[in-house]
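Asks: Next input, structure requested:
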Amino acid sequence: MQYAPEGQPEGTSAATTLQPGFLASLFRDLGAEQGGREAEDGRGAVGDPPRAGAGAGAGAGAGMSAEEDEDEVAARGRAAVLSHQRTSAVRAEHEHLADLLRRAALPVSAMDFESQLRSYRPRPYPVGGGAGEPGPDGPEPRWEDFAPAVPGGAGYGGGAGDGAEGAARPLLDSGYQRELAQARLRHQRALREWRAGRADGAASAERRAHEAAEQARARAVQEYNDSLEECRRAYRLAEPAAVESLLERALAAAEGATQDLPAPCRAVFRPLTRTAVLDLDLPPLSQVPSLEGYRLTPEDTVEPVPRPVADRANDYLRLVARLALRALQAADAVDTDEILSGVVLNGWLRDTPSGEPLCLVSVDADRDALARTRLLPAASGATDGRANGTGYGDGRDGAGADGFGSGDEDGYAGVYAEAEQDEALVRLRGLSAAVSPDPYGLIGVEPGAEAGMTVPTAEDLSAHEFAHLVRELLTRGGLGEWSVRLRGPVGLVATAVGEDGSALPGRWVVWASRPRGGAEVAAAELRTLAEAVREEGAERGLRLTTGRFAEAALDLAAELPQIHLVDGAGVRELTQTQLGQRLGAGA
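Replies: Reported below is the predicted structural model:
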């Protein structure tokens, strides 16, 4: 509120005039038209003379109107400042998310055994060493022990004598002078030798300490490399503990780029299928900003501007895709000895209203698919959202002074791209990944495999794991030239050729499945297999199931000598004999 100058009553034109200052500048910044307001209030523009015929009552009324107007402007100014502050906080959240997306796409350094080996480089003994305070080997030579006796029986230690004549008498004795000179030479020589011996002793002690420390360093490096070589031998033998240790070390190193966004990933290795099952903890849904900012209403109140749910879902899936690709790349890069046949990754949202984890992304990829895929986007793509569709720019290209495109009518329109065009999501879906269509609607996907199964059943295996198991069993039995024709979640159809003289000679059509819910293989499936054998020009067909055959199918198989059957018990027995592993019995 502004007050009338001293000696001037309120209600005059001077009191109703906005003085240059904060309120006047804020009034202009808000875009208000002062003349329009004053016209509505029955007043002219600032500085105009009062209207003709206005009396004292009118002047008092005008004064009250000016005070109310100033209060209104001040309240609007406070609301505008509050809106700006809150919007700045929201923009900081968006910038942080953009930075996380950039760092989550940084290349992963390989954490294989070669990169973890340590080398010992001896440190030379420093020139001029032995600067520490040494301990003396003996007392310092004293001049009193070398000084000759003064002629006449008087001691020499300060030129003692009887009077001036007694003190000067030794100086006139030439023999005493020669003895004195020789004594001084002997004292200086002894002093030099004592000092040299003292320095040599100190240097020798420090050199010995330096050499002992270097030997300890060399032993530590050698012991570490020996233990690493032991782990490498165990890894090459596909021992689960060694494989899991190496994988989790690589995953933890990959997570280091986003330490402010914890996304731990645990690994379980299944020696039966040589597959790593990774459980990735996804960030909470609140990691993505829910607001575009705040705005000032005509009523001078501050209200939030929510973002469309679809935009939040796109940004969250964009972040999830980068974290999943980073984990897959870390596992692929560390496996230089090609122990893994594939990787199953499940991304779990732990923070849910029900408290039960929800799988939002699942990838079931074999080694060949990982080798064909450049897993992470290019480094430049992580910083230029408009160029590659990641949706995040660097806050300068095409944006306003605050970095958020303040000139756009839709706030953040043009800054965020559609998730379908995001490079990371495109590559993830190229691996046949299952991705939640609506994470904020808590719509999950079925995990490819459960990581906690130490002895999995056939139903616990992923599609690639089951295909790998069937191929390993039949390859060990003599079938080569394996070619998969069809593959799905519950089975596969393939052709293979056995060498003459082997246990399975000739060309085969293999139909393997793992029925769920206790379903039995019907006779119609054997007829279909027999037709496929004829179409492929094969000699035999193999119907393999982890379940059971119906009685009608067993009767039909007796009439079709070219069709061979293997049930669930047979699969478990082959797994034990051919692979030396156990396959759990299903329900």
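Asks: what about the stretch 201-350 of the chain, any weak spots by pLDDT?
Replies: For the stretch 201-350 of the chain, residues meeting the criterion pLDDT under 70 lie at 201-203.
Asks: Helices of the stretch 251-400 of the chain, start to end?
Replies: Secondary structure of the stretch 251-400 of the chain (DSSP state H, counting those that start in this stretch): helices located at 309-334, 367-372, 385-388.
Asks: Distance to residue 522 for the ones you listed - can I get that in JSON lines?
Replies: For every residue, glycine as well, the C-beta is placed using N, CA and C. What follows is the helices of the stretch 251-400 of the chain, written out as JSON lines (distance: least, Cβ to Cβ, whole Å):
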{"stretch": "helix 309-334", "distance to residue 522": "39"}
{"stretch": "helix 367-372", "distance to residue 522": "33"}
{"stretch": "helix 385-388", "distance to residue 522": "51"}
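Asks: which of those helices is buried the deepest?
Replies: Among those, helix 309-334 has the highest mean neighbour count (mean count of other Cβ atoms under 10 Å), at a mean of 24.
Asks: Remind me what that helix packs against, helices and strands.
Replies: Contacts defined by 3 or more Cβ pairs under 8 Å, 6 or more residues apart in numbering; DSSP states H and E place helix 309-334 against helix 56-104, helix 240-255, strand 275-281, strand 342-349, strand 358-366, helix 367-372, helix 423-430, strand 434-435.
Asks: in the stretch 51-200 of the chain, what spans have low per-residue confidence?
Replies: Counting by pLDDT under 70, the stretch 51-200 of the chain shows low-confidence ranges at 51-64, 125, 127-138, 152-172, 197-200.
Asks: again, only this time at 50
Replies: Within the stretch 51-200 of the chain, the stretches with pLDDT under 50 are 51-62, 129-136, 154-163.
Asks: Name the residues that touch stretch 469-489?
Replies: Contact with stretch 469-489 is made by 272-273, 458, 461, 463, 467, 492-499, 502-505, 508, 510, 512, 542, 544, 571, 574-575, 578-579, 583, as judged by Cβ atoms under 8 Å, 6 or more residues apart in numbering.
Asks: Report the mean confidence score over it.
Replies: Stretch 469-489 comes out with an average pLDDT of 89.
Asks: buried residues in it?
Replies: 469-474, 479 (16 or more other Cβ atoms under 10 Å).
Asks: one step back: which ChimeraX command selects the buried ones in the contacts of stretch 469-489?
Replies: A single ChimeraX command selects the buried members of the contacts of stretch 469-489 (16+ other Cβ under 10 Å):
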select :272,273,458,461,463,467,492,493,494,495,496,497,498,504,508,510,512,542,544,571,574,575,579,583
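Asks: Inside helices: which ones of the contacts of stretch 469-489?
Replies: 463, 467, 571, 574 (DSSP state H).
Asks: Tell me the one among the residues you listed nearest to residue 355.
Replies: residue 463 (29.7 Å; Cβ to Cβ).
Asks: Identify each of the strands in the stretch 101-250 of the chain and give its residue range.
Replies: Applying DSSP state E, counting those that start in this stretch to the stretch 101-250 of the chain gives no strands.
Asks: mind listing the helices for it?
Replies: Remark: helices assigned in the stretch 101-250 of the chain by DSSP H, counting those that start in this stretch are 113-116, 163-168, 174-236, 240-255.
Asks: can I get these in CSV with distance to residue 303 and mean neighbour count?
Replies: Putting those into CSV (distance: least, Cβ to Cβ, whole Å; neighbours: other Cβ atoms under 10 Å) gives the following:
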stretch, distance to residue 303, mean neighbour count
helix 113-116, 54, 14
helix 163-168, 108, 11
helix 174-236, 59, 13
helix 240-255, 38, 20
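Asks: a markdown table for those, including distance to residue 66?
Replies: Converted to a markdown table, the helices of the stretch 101-250 of the chain look like this (distance: least, Cβ to Cβ, whole Å):
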| stretch | distance to residue 66 |
| --- | --- |
| helix 113-116 | 76 |
| helix 163-168 | 110 |
| helix 174-236 | 82 |
| helix 240-255 | 62 |
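Asks: do you know which of those lies nearest residue 126?
Replies: So among these, helix 174-236 is nearest, using Cβ to Cβ, at 8.1 Å.
Asks: so where is the stretch 351-500 of the chain shaky, pLDDT-wise?
Replies: For the stretch 351-500 of the chain, applying pLDDT under 50 flags the ranges 379-419.
Asks: mind listing the strands for it?
Replies: 358-366, 434-435, 479-488, 491-498.
Asks: and of those strands, who's closest to residue 279?
Replies: Of the strands of the stretch 351-500 of the chain, nearest to residue 279 by Cβ to Cβ is strand 358-366, at 9.5 Å.
Asks: Please state the offset of the closest one from the chain centre?
Replies: 18 Å (Cα atoms, centre = their mean, to the nearest Å).
Asks: Measure how it sits relative to strand 342-349, angle-wise.
Replies: 170 degrees (axes from the mean of the first three to the mean of the last three Cα atoms, to 10 degrees).
Asks: Would you give the sheet partners of strand 358-366, along with the direction of each?
Replies: Its sheet considered, strand 358-366 pairs with strand 342-349 (antiparallel), strand 434-435 (antiparallel) by DSSP bridges.
Asks: want to try TSV for those, with mean neighbour count as columns?
Replies: Formatted as TSV, the strands paired with strand 358-366 follow (neighbours: other Cβ atoms under 10 Å):
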stretch	mean neighbour count
strand 342-349	25
strand 434-435	18
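Asks: need these in TSV with distance to residue 446, can you?
Replies: TSV is the format used below for the strands paired with strand 358-366 (distance: least, Cβ to Cβ, whole Å):
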stretch	distance to residue 446
strand 342-349	10
strand 434-435	7
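Asks: Among those strands, which comes closest to residue 449?
Replies: Nearest to residue 449, of those and by Cβ to Cβ, is strand 342-349 at 4.5 Å.
Asks: And the closest one, how far out from the chain middle?
Replies: Centre-to-centre, strand 342-349 and its host chain are 16 Å apart (Cα atoms, centre = their mean).
Asks: Convert it to PDB, retaining C-alpha atoms only.
Replies: Output in PDB follows, covering the C-alpha atoms of strand 342-349 (Å, rounded to 0.1, in the frame of the first residue of the first chain):
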ATOM      1  CA  GLY A 342      20.800 -66.800 -23.400                       C
ATOM      2  CA  VAL A 343      19.600 -64.200 -20.900                       C
ATOM      3  CA  VAL A 344      16.100 -63.700 -19.400                       C
ATOM      4  CA  LEU A 345      15.500 -60.300 -17.800                       C
ATOM      5  CA  ASN A 346      12.500 -59.400 -15.800                       C
ATOM      6  CA  GLY A 347      11.900 -55.800 -14.700                       C
ATOM      7  CA  TRP A 348      10.000 -55.600 -11.400                       C
ATOM      8  CA  LEU A 349       8.100 -52.700  -9.900                       C
END
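Asks: Which of the helices of the stretch 251-400 of the chain sits closest to residue 65?
Replies: helix 309-334 (45.2 Å).
Asks: Out of the strands paired with strand 358-366, which is closest to residue 231?
Replies: Of those, nearest to residue 231 by Cβ to Cβ is strand 342-349, at 20.1 Å.
Asks: wait, what's in contact with residue 452?
Replies: Residue 452 makes contact with residue 268, according to Cβ under 8 Å, 6+ apart.
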